[in-house]
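Visitor: heads up, no residue letters with this:
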């Protein structure tokens, strides 16, 4: 169950990271409230996962899911560049996530 909590926490991290763009520095009420709710839920699920998973593994995977997901959505939804170096970096992060999952 801890891995499910961790995966959900990572996906919520993507949600709040993308939400930050829409808050305009927390000057827009509804995007700000949704972003803050996603942050709280993400941290809560991470805390639940940490009851049984090692902190180093769980935190690295949580941030990795957030980084990869946010980078991919930035490319797909926001028109950010998808050059070979950037895609290779995303691939390296994914490789690290998979390695940590297999090792932990």
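Guide: Looks like it came in fine. Given the structure is predicted, the values throughout are model-derived calculations rather than measurements.
Visitor: three-state assignment of residue 51?
Guide: The local conformation at residue 51, judged by DSSP: H, G, I helix; E, B strand; the rest coil, is coil.
Visitor: residues contacting it?
Guide: residue 2 (Cβ atoms under 8 Å, 6 or more residues apart in numbering). C-beta: built from backbone N, CA, C; applies to glycine.
Visitor: any idea how far the most centrally placed residue in the chain is from residue 27?
Guide: For the chain, residue 66 is the residue whose C-alpha lies nearest the centre (Cα atoms, centre = their mean; 1.6 Å). Using Cβ to Cβ, to the nearest Å, residue 66 is found at 23 Å from residue 27.
Visitor: any idea where the helices of this protein begin and end?
Guide: Chain-ordered helices for the chain, with DSSP state H as the definition, fall at 2-23, 29-49, 55-78, 84-103.
Visitor: Buried ones in the first one, by neighbour count?
Guide: So the one you mean is helix 2-23. Neighbour counts over helix 2-23 (16 or more other Cβ atoms under 10 Å) mark 5-10, 12-20, 23 as buried.
Visitor: and what of the third one?
Guide: Buried residues in helix 55-78, defined by neighbour count with 16+ other Cβ under 10 Å: 57-62, 64-75.
Visitor: measure residue 58 to residue 97 for me?
Guide: Taken as Cβ to Cβ, the span from residue 58 to residue 97 is 11 Å.
Visitor: Now the common contact residues for the two.
Guide: With Cβ under 8 Å, 6+ apart, residue 58 and residue 97 have no common neighbours.
Visitor: what about this structure, any weak spots by pLDDT?
Guide: Across the chain, the ranges flagged by pLDDT under 70 are 104.
Visitor: show me what contacts residue 90?
Guide: Contacts of residue 90 (Cβ under 8 Å, 6+ apart): 68, 71-72.
Visitor: 6 Å - rerun?
Guide: 68, 71 (Cβ atoms under 6 Å, 6 or more residues apart in numbering).
Visitor: now swap in residue 71 and tell me
Guide: residue 90.
Visitor: do that again at 10 Å, thanks
Guide: By Cβ atoms under 10 Å, 6 or more residues apart in numbering, residue 71 lies in contact with 14, 17, 80, 82, 86-87, 89-90, 93.
Visitor: No further questions, thank you.
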